[in-house]
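Q: Quick one, what's the 3D model for this:
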Amino acid sequence: MYIRMSSATTAPSISYTSRPSSPGATIGVSSIVARALIISTPVNISLRNLSASYIAAFAPKVAIKIAKTDIFFMCLYPSLYYHIKFYHKLRLDSSLIYSYDMVMRNKDTDKKIALVAGALDLPFFTRDALKRAGWDVFIVGLRGFVDMRLNPDMVIRLGGAGRAVRAARRRGIKKIVFVGALGHPNLSDLRPDWWSLMTLLKILKHQRGYDSMAVALNKVLEKQGFEIVAAQDLAPELAFETPGVQTKTKPSATDKKNIERAIDVSHTIGAADIGASVVVDKQVIAVEAAEGTARMLERVVQMRKSKRKSSGVFAKMTKPGQDLRIDIPAIGVDTVNAVAAAHLRGIVVNTKTCFVVNKPAVIARANELGIFILALDE
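A: Numbering: from 1, shown residues only. Modelled structure (predicted):
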């Protein structure tokens, strides 16, 4: 390979030729790298006037090769690289690297999504539902929580989110969905990298309860070009789509009174950011606090062990102003079993917002136990 330099009155350029005597083999470029392009392209091409969008649309493989070769050439011939750059005052044209970046970001970006997965079965059903809806899912597992049978594309510490952010950018991912439960992490996993530390400081400035932390996180990510979405919005099958009774068992007149009371109480405690779940049997039996829904139902089971006849309802409603992109209300087969063990008659949830883990199994189990499930519009 031969390298010749020309300095005209206009901006200087470098020409690469595979054979000096071969017409049509010369390629004029404003960057210093075109090895792979020479190999793959026998015609004259001026990359100075090629926009990133043109390369991304018509020659993505060429753009990728050029960008990779730029780094390769700098490493292989560092003295020549810096000689050209500084002594001959040739400005490195960053359009080639930008073209490669545009290729990776604009290639089907509308259907790419990062799934940040915690514990339990929720990530499995979310992944499958998103794939059925046509999404290209990149799975980021949280170490210590994610079930490795999910086959995550990468696993990060809770404090190591910076690596995941960089990976998402490289793949042109702009949408992020959070699913799965989180418990008490190891202290070593909380050690923040630089990105996580800066993000945490911004979040703490706005902290006023769990909801505001979620909102602050969303704002930080959105400023960096990401969009946090609710899985139910992308894959409606994850929730009850139509209002009404979803099971064979129907609520009685007494159940309807309990339902009305449960909805009122749920909205009251939700507005105070206390919880979203409540158990009502003529009077309030239990409300969800910091322990979560499962522990609350365990308390109700212990209180009603001696009860022979089932009565009362369990309601898990969306809180006023609840950010469903991070704080996702959910029920599953375990919820149905706990409601039956507590001698309750039924379950009340919202349509389109409450995540139903394995919906067919939930309905089948409720029918088997004689539990009704009522879905209500907000």
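Q: For the chain, which segments are assigned as helices?
A: Secondary structure of the chain (DSSP state H): helices located at 35-40, 52-58, 60-76, 78-82, 95-106, 122-132, 161-170, 194-204, 210-223, 231-234, 253-271, 293-303, 333-341, 359-369.
Q: which one of those helices has the lowest average pLDDT?
A: Of all those, helix 35-40 carries the lowest average pLDDT, namely a mean of 39.
Q: care to break this structure down by domain?
A: The chain breaks down into these domains under automatic domain parsing: 2-106, 109-234, 239-376.
Q: how close does Val165 get to Gly225?
A: 10 Å (Cβ to Cβ, to the nearest Å). In this view, the C-beta of every residue, glycine as well, is placed from N, C-alpha and C.
Q: So for these two, which sits in the more crowded spot?
A: Val165 (22 against 12; other Cβ atoms under 10 Å).
Q: For that one, give me its contacts.
A: Val165 makes contacts with Trp195, Gln224, Phe226, as judged by Cβ atoms under 8 Å, 6 or more residues apart in numbering.
Q: okay, now the second one: neighbour count?
A: Spelled out, it's Gln224. Close neighbours of Gln224, defined as other Cβ under 10 Å, add up to 12.
Q: With the last one instead?
A: Residues within reach of Phe226, counting by other Cβ under 10 Å, total 18.
Q: any idea how far Leu369 is from the closest residue to it other than its chain neighbours?
A: Closest residue to Phe226 apart from its sequence neighbours, by Cβ to Cβ, 6 or more residues apart in numbering: Ile176 at 5.4 Å. Distance, Ile176 to Leu369, using Cβ to Cβ: 37 Å.
Q: With Val357 instead?
A: Counting by Cβ to Cβ - Val357 and Leu369 are separated by 17 Å.
Q: Compare neighbour counts for the two and give me the winner.
A: Neighbours were counted for Val357 and for Leu369 using other Cβ under 10 Å; Val357 has more, 20 against 15.
Q: Spell out which residues sit in contact with the more buried one, please.
A: Contacts of Val357 (Cβ under 8 Å, 6+ apart): Leu120, Asp121, Leu122, Phe125, Ala330, Ile331, Gly332, Val333.
Q: top of those by neighbour count?
A: Highest neighbour count within the contacts of Val357: Ile331, with 25 neighbours (other Cβ under 10 Å).
Q: Roughly how far does that residue sit from Cys354?
A: According to Cβ to Cβ, Ile331 stands 6 Å off from Cys354.
Q: any shared contact partners between those two?
A: Shared contacts of Ile331 and Cys354, defined by Cβ under 8 Å, 6+ apart, are found at Lys316.
Q: what's the closest of the contacts of Val165 to Ala133?
A: Relative to Ala133, the closest of the contacts of Val165 is Phe226; by Cβ to Cβ it sits at 19.5 Å.
Q: Surely the closest one is in contact with Lys174?
A: Yes - with contact defined as Cβ atoms under 8 Å, Phe226 reaches Lys174; the gap is 6.0 Å.
Q: just to revisit the earlier point, now, which of the contacts of Val357 sits nearest Met317?
A: Closest approach to Met317 among the contacts of Val357 (Cβ to Cβ): Ile331, at 11.5 Å.
Q: which ones are touching that closest one?
A: Contact analysis of Ile331 by Cβ under 8 Å, 6+ apart lists Lys316, Ile347, Val349, Cys354, Phe355, Val356, Val357, Val362.
Q: Kindly report the same for Leu130.
A: For Leu130, the contacting residues are Ile113, Leu115, Val137, Val177, Ala231, Leu234, Ala235, by Cβ under 8 Å, 6+ apart.
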